[in-house]
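# After the sequence you'll find the predicted model.
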Amino acid sequence: MRILDVEAASPSQVRELGGHLVEGEAVQAAFASAVGAVLFTDRRIVLVQREHLLEEKVEATSWPWRELRHFAVQESAGGRAMLRLWLGDDPQPLHLRAASGTDLRGLQRLLVAKLD
């Protein structure tokens, strides 16, 4: 199970991750954590992770949108939200725990549009 504590990525963080994109690919939503990031582009979902905070080894995993099976959003009274994404054949979802105040509504709309 992969769990990332994320907040909305800044434009500079998105630019730094541009090396994981192909020419002409546009980022539609991006979330960053201390050890990685998740990019939702017009073509795919990209998970970029470091093994440890100080680790130089970086792994990028990519799923085309057709691999998104379903998703679930859970919101707590304290304003914290968690998004679970089931991707490909993996029985365990990717968990994104959003920092308090991080708005996931735009991402939910994007995910719904991609599921159609």
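The structure has been received and is ready for your questions.

# Low-confidence ranges, the protein, go.
The model of the chain has pLDDT under 70 over residues 1, 52-55.

# try 50 this time
For the chain, no stretch is flagged by pLDDT under 50.

# Find the residue at the geometric middle of it.
Closest to where the C-alpha atoms of the chain average out (Cα atoms, centre = their mean) is Val38, at 3.0 Å.

# For that residue, what is the enclosing helix or strand?
Val38 is part of strand 36-41, with elements assigned from DSSP states H and E.

# continuing past that strand, what's the next helix or strand?
For strand 36-41, the following helix or strand on the C-terminal side (DSSP H and E) is strand 44-50.

# In contact with Gly102, which residues are there?
You called it Gly, but residue 102 is Thr. 6-8, 31, 81 (Cβ atoms under 8 Å, 6 or more residues apart in numbering). For every residue, glycine as well, the C-beta is placed using N, CA and C.

# wait, which of these is closest to Leu107?
Distances from Leu107 to the contacts of Thr102, taken as Cβ to Cβ, are shortest for Phe31 (8.0 Å).

# Mind telling me what element Ser12 is part of?
Using DSSP H and E, Ser12 falls in helix 11-16.

# in that helix, what's buried?
Val14 (16 or more other Cβ atoms under 10 Å).

# From Val22, how far off is Leu104?
Counting by Cβ to Cβ, to the nearest Å, the gap from Leu104 to Val22 is 26 Å.

# Compare those two and say which is more crowded by neighbours.
Shown here are Leu104 and Val22; by other Cβ atoms under 10 Å, Leu104 has more neighbours (19 against 8).

# Pull the residues that contact the helix holding Ser12.
By Cβ under 8 Å, 6+ apart, the residues outside helix 11-16 that reach it are 27, 30, 32, 37, 39.
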